[in-house]
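Colleague: prediction below, plus the sequence it came from.
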Amino acid sequence: MTSIRKTILVTGGAGFIGSNFVLQWINNVGGAVVNLDLLTYAGNAENLEALEGDSRHLFVKGDICDAELVATLLHTHRPSAIVHFAAESHVDRSIVEPGAFVRTNVQGTFTLLEQAKRYWPTLDAHEQQVFRFLHVSTDEVYGSLGPNDAAFSEVTAYAPNSPYAASKAASDHFARAYYHTYALPVLMTNCSNNYGPFQFPEKLIPLMILNALEGKPLPVYGDGKNVRDWLFVEDHCAAIRTVLERGVVGECYNIGGNSEQMNLDVVNTICDLVDEMRPNRTIGERRKLITFVVDRPGHDRRYAIDTTRINRELGWKPTLTFKDGLRKTVAWYLEQEAWIRNVRTGAYKDWIRKNYQERSTL
Ligand code: NAD
Ligand code: TYD
């Protein structure tokens, strides 16, 4: 078992999963973080407000494609690990603007790997032994499952279907190649859909919570029968910590919630929770707001994750059921008026207009 307790470099630590991870790392593990994030539309410094004045958190606004900046950060702070979250992460945006996904997800990951490869040999023998590059990826690289197919395992062949998934698959291949070719101590994780605090409200769960709260239409793509596996974000962060501590170098670990849900069921449950927590006579029953809209092109039908390996080999399993996690998440969003106001800027409104205005109802 390695002992990673000193400073780590986190990329994308102002995004949804990254900020949850940084908060956990500093508050629960007591480690220090250099947090490299470009603060794109998806990055939000407010997610890290609780760390204001905490000397264990150094925030650096910058681009993972900037090789010089990455090299300087590595050589100045000498981190014992790189945990790489930074990415363009929204499938619908990747359909509209795939180029940004190639740049950040492929070129950015390559830049980090290349700089890590140069930095790693400058460490002393013990530091080299404990150093890790953990590449955070998604189950979407495996493509789409039929209703009776076995869940994705670590040996499932890659078959990415969206530009987002293709760019993540390419970055996974580079991470794997840097281990095999240069012996860089790479670890990889492929996780299912996350939900929880600080998720940008362009993704299904926060979008539906906010629209339900305000009595706006709830746009369900296609027939609403697509299936996703859902994992509470803090469980994902704990899994990443586990892999960092105990994962076998060069290996990949699938992470999931063992909780497959049909989109329509997720949206119905959100409606019921918002009705219960914020009843509104004018709006009435939120389920009536559900509107079926034109489907996402190439929409993957089903994702499911086989978590046998991380469970058996590293002893990780999710702690929260989907029911409890969703209740916690809805309650969190209902308390975040200022955070919501601040993330729904002009850029957010432009995206909502672009994605939904021309998507006619079915
Ligand atoms: P997010 O979109 O919420 O956050 C991405 C972060 O990366 C933002 O803070 C953004 O500012 C930053 N970023 C983007 N481009 C950058 C660049 N060029 N340089 C530096 N920073 C940059 O994403 P997320 O949902 O938190 O996902 C984090 C990672 O986890 C991604 O790699 C994603 O593929 C993976 N993942 C996400 C999910 C999910 O359900 N959200 C599931 C599995 C895996
Ligand atoms: P999303 O949160 O974008 O995650 P991903 O596409 O990476 O799985 O979407 C989750 C599911 O919800 C997916 O099947 C698409 C669907 N969806 C809708 O039906 N309506 C929406 O407005 C959004 C954003 C997603």
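Modeller: Noted; the coordinates are in hand. Ligands and ions are numbered 1, 2, ... in the order given.
Colleague: how about Ala14, secondary structure?
Modeller: Following DSSP: H, G, I helix; E, B strand; the rest coil, Ala14 is assigned to coil.
Colleague: tell me, how many residues neighbour the closest residue to Lys6 other than its chain neighbours?
Modeller: With CB to CB, 6 or more residues apart in numbering as the criterion, Lys6 has its nearest non-adjacent residue at 4.8 Å, and that residue is Ser80. The C-beta positions use only the backbone N, C-alpha and C, and glycine is treated the same way. Ser80 has 20 neighbours, counted by other CB atoms under 10 Å.
Colleague: the one 3 residues further on too?
Modeller: Counted with other CB under 10 Å, the neighbours of Val83 add up to 29.
Colleague: that one looks like it's in a strand, true?
Modeller: Yes. Val83 sits within a strand when classified using three-state DSSP.
Colleague: so it sits against Val10, correct?
Modeller: Yes. Contact criterion CB atoms under 8 Å: Val83 and Val10 qualify, at 4.9 Å.
Colleague: shared neighbours of those two, anything?
Modeller: Phe21 (CB atoms under 8 Å, 6 or more residues apart in numbering).
Colleague: on contacts alone, who are the packing partners of the helix of greatest length in the chain?
Modeller: Scanning the chain for the helix with the most residues, using DSSP state H, yields helix 163-182. When contacts are defined as 3 or more CB pairs under 8 Å, 6 or more residues apart in numbering; DSSP states H and E, helix 163-182 packs onto helix 91-96, helix 98-101, helix 109-119, strand 132-138, strand 186-191.
Colleague: tilt between that helix and strand 132-138?
Modeller: 150 degrees (axes from the mean of the first three to the mean of the last three CA atoms, to 10 degrees).
Colleague: near ligand 2 at all, helix 163-182?
Modeller: No. Taking CB under 6 Å from any ligand atom as the criterion, helix 163-182 and ligand 2 are apart, separated by no less than 7.2 Å.
Colleague: contacts for that helix next, please.
Modeller: 87-91, 93-95, 98, 101-102, 104-106, 108-110, 113, 116-117, 133, 135, 137-138, 140-141, 143, 158, 160, 184-186, 188, 190, 249-250, 252, 300.
Colleague: give the rounded mean pLDDT of it.
Modeller: Average pLDDT, helix 163-182: 98.
Colleague: can that helix be found next to ligand 1?
Modeller: Yes. For helix 163-182, a contact with ligand 1 is found by CB under 6 Å from any ligand atom, at Lys168.
Colleague: would you pull up the residue in the stretch 1-150 of the chain closest to ligand 1?
Modeller: At 2.0 Å from ligand 1, Gly15 is the closest residue in the stretch 1-150 of the chain, using CB to the nearest ligand atom.
Colleague: how far away is that residue from Arg341?
Modeller: 19 Å (CB to CB, to the nearest Å).
Colleague: do I have it right that Ile310 meets Thr242?
Modeller: Yes. When contacts are counted by CB under 8 Å, Ile310 is listed as touching Thr242 (7.3 Å).
Colleague: out of the two, which sits in the more crowded spot?
Modeller: Legend: neighbour count by other CB under 10 Å for Ile310 and Thr242, higher for Ile310 (23 against 19).
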